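A.B. asks: next comes the sequence, and after it the predicted model I'd like to discuss.
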Amino acid sequence: MAIIEAQSLTYKYPNSQKPALQNINLKVEKGEFVVISGPSGCGKTTLCRCFNGLIPHFYGGELQGEIRVNGLNVKEVSTAKLATQVGLVFQNPENQLFSLTVERDVAFGLENLGLPPQEIRRRVDWALNLVGLSGLKDKPPFELSGGQQQKAAIACVLAMQPPIMVFDEPTSFLDPLSAREIFNIIAELHAKLDLTVIVVEHRLEFLTAHASRLIFMDEGKIVLDGKPREVLKEASESFSGKIGIPKVALLHRRLTLQGISLGSTSLTVDELAEPLRRMLHP
């Protein structure tokens with residue numbers, strides 16, 4: 001059963017002449033781990049804003065077509081209602097952290113739901129433990145590192161326990177090591193909690209091995225959609241230079257064109273290295 005379904009979805013921002021989304025048809029099944037990538041301005045973030053109702057209820061503009069999230073018609077349901085279904089983690093964690101302690105930030109959304117204090121305390125401790133921040137709950141967010149701040153932002157959304165979590169370029173402000181750690185946390189949450197996860201990201205080297213599906217967008221349209229290996233193979237053949245393809249996938253294709261048989265497209269360096277080792281040391 002599709003937990004997110006868009007049909008002929010087209011959207012223009014107010015005072016814009018060109019649609020940011022053009023005729024999007026998309027089904028996301030419950031429990032999928034979907035990665036959305038593509039060049040800047042291709043419509044990735046705009047599509048995510050449709051999932052939680054920020055479009056059209058907050059941004060306005062002209063939204064055509066249909067989009068349903070967990071059976072709810074986004075056009076007809078308030079953003080408050082949709083927030084219980086879709087949790088959104090932004091690029092910059094500082095946009096989601098504003099309290100004097102991490103614990104207070106994580107509790108904020110739960111207090112707004114009017115949950116009992118004991119339930120709030122249970123969920124805060126549970127969320128912070130899952131992201132590895134239990135020992136820092138009394139710290140001011142501004143004293144945390146960038147990676148720790150992003151973990152705190154994830155905990156804020158996680159505590160609300162939405163069935164769908166959307167991460168909009170969650171590693172944009174992080175170094176590669178911290179980015180890898182955040183991706184590992186997202187993958188662990190997906191596996192442990194049976195969440196539907198959607199990640200908008202350019203850094204595919206660390207992420208595609210975790211994903212069940214990879215979508216490339218360009219100029220407001222979905223141009224490729226499928227299993228990561230198949231999509232990266234087609235992308236390296238037809239879209240190289242236009243969309244960000246992981247270097248390991250490009251190297252795999254170059255070696256294949258040189259007559260070196262490596263099997264299906266590699267998603268990680270280790271996958272690429274293993275057949276090469278066997279060739280060198282049979």
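C.D. replies: Alright, I've got the coordinates.
A.B. asks: just the buried positions in stretch 208-228, please.
C.D. replies: Buried residues in stretch 208-228, counted by 16 or more other C-beta atoms under 10 Å: 208-211, 213-218, 220, 222-225, 228. Where C-beta positions appear, they are placed from N, C-alpha and C, glycine not excepted.
A.B. asks: which strand or helix spans residue 275?
C.D. replies: According to DSSP states H and E, residue 275 maps onto helix 269-280.
A.B. asks: what comes into contact with that helix?
C.D. replies: 248, 251, 252, 260, 261, 262, 263, 266 (C-beta atoms under 8 Å, 6 or more residues apart in numbering).
A.B. asks: report how many residues lie close to residue 4.
C.D. replies: The tally of other residues near residue 4 (other C-beta atoms under 10 Å) stands at 25.
A.B. asks: three-state assignment of the closest residue to it other than its chain neighbours?
C.D. replies: Leaving aside its sequence neighbours, residue 4 sits nearest to residue 28 (C-beta to C-beta, 6 or more residues apart in numbering; 4.0 Å). The local conformation at residue 28, judged by DSSP: H, G, I helix; E, B strand; the rest coil, is strand.
A.B. asks: contact partners for residue 28?
C.D. replies: Contacts of residue 28 (C-beta under 8 Å, 6+ apart): 2, 3, 4, 5, 34, 196, 198.
A.B. asks: how does it look with 7 Å?
C.D. replies: 2, 3, 4, 34, 196, 198 (C-beta atoms under 7 Å, 6 or more residues apart in numbering).
A.B. asks: that older thread, pull the most distant pair out of the contacts of helix 269-280.
C.D. replies: 248 and 261 (16.6 Å; C-beta to C-beta).
A.B. asks: any stretches of the chain with poor pLDDT?
C.D. replies: 240-243 (pLDDT under 70).
A.B. asks: if we go to 80?
C.D. replies: Confidence mapping of the chain against pLDDT under 80 gives the ranges 1, 237-244, 266, 275, 279-282.
A.B. asks: which stretches in it count as helices?
C.D. replies: Assigned by DSSP state H, the chain shows helices spanning 44-51, 54-57, 79-83, 102-112, 117-131, 146-158, 176-193, 228-238, 247-257, 269-280.
A.B. asks: can you list the ones you listed in JSON lines and add distance to residue 22?
C.D. replies: Putting the helices of the chain into JSON lines (distance: least, C-beta to C-beta, whole Å) gives the following:
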{"stretch": "helix 44-51", "distance to residue 22": "11"}
{"stretch": "helix 54-57", "distance to residue 22": "14"}
{"stretch": "helix 79-83", "distance to residue 22": "23"}
{"stretch": "helix 102-112", "distance to residue 22": "34"}
{"stretch": "helix 117-131", "distance to residue 22": "36"}
{"stretch": "helix 146-158", "distance to residue 22": "29"}
{"stretch": "helix 176-193", "distance to residue 22": "29"}
{"stretch": "helix 228-238", "distance to residue 22": "19"}
{"stretch": "helix 247-257", "distance to residue 22": "27"}
{"stretch": "helix 269-280", "distance to residue 22": "35"}
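A.B. asks: re the thing from before, of the contacts of residue 28, which belong to strands?
C.D. replies: If you go by DSSP state E, the contacts of residue 28 have 2, 3, 4, 34, 196, 198 in strands.
A.B. asks: which of those sits closest to residue 61?
C.D. replies: The closest of the ones in strands among the contacts of residue 28, once distances to residue 61 are taken by C-beta to C-beta, is residue 4, at 19.8 Å.
A.B. asks: and the closest one, how far from residue 38?
C.D. replies: 18 Å (C-beta to C-beta, to the nearest Å).
A.B. asks: and for residue 63?
C.D. replies: 20 Å.
A.B. asks: then residue 262?
C.D. replies: 26 Å.
A.B. asks: more neighbours, those two?
C.D. replies: Using other C-beta under 10 Å, the more surrounded residue of residue 262 and residue 38 is residue 38, with 24 against 17.
A.B. asks: quick one: residues contacting the closest residue to the more buried one other than its chain neighbours.
C.D. replies: Excluding the flanking residues, the one nearest residue 38 by C-beta to C-beta, 6+ apart is residue 217, at 3.8 Å. Shown in contact with residue 217 (C-beta under 7 Å, 6+ apart): 36, 38, 42, 43, 44, 223.
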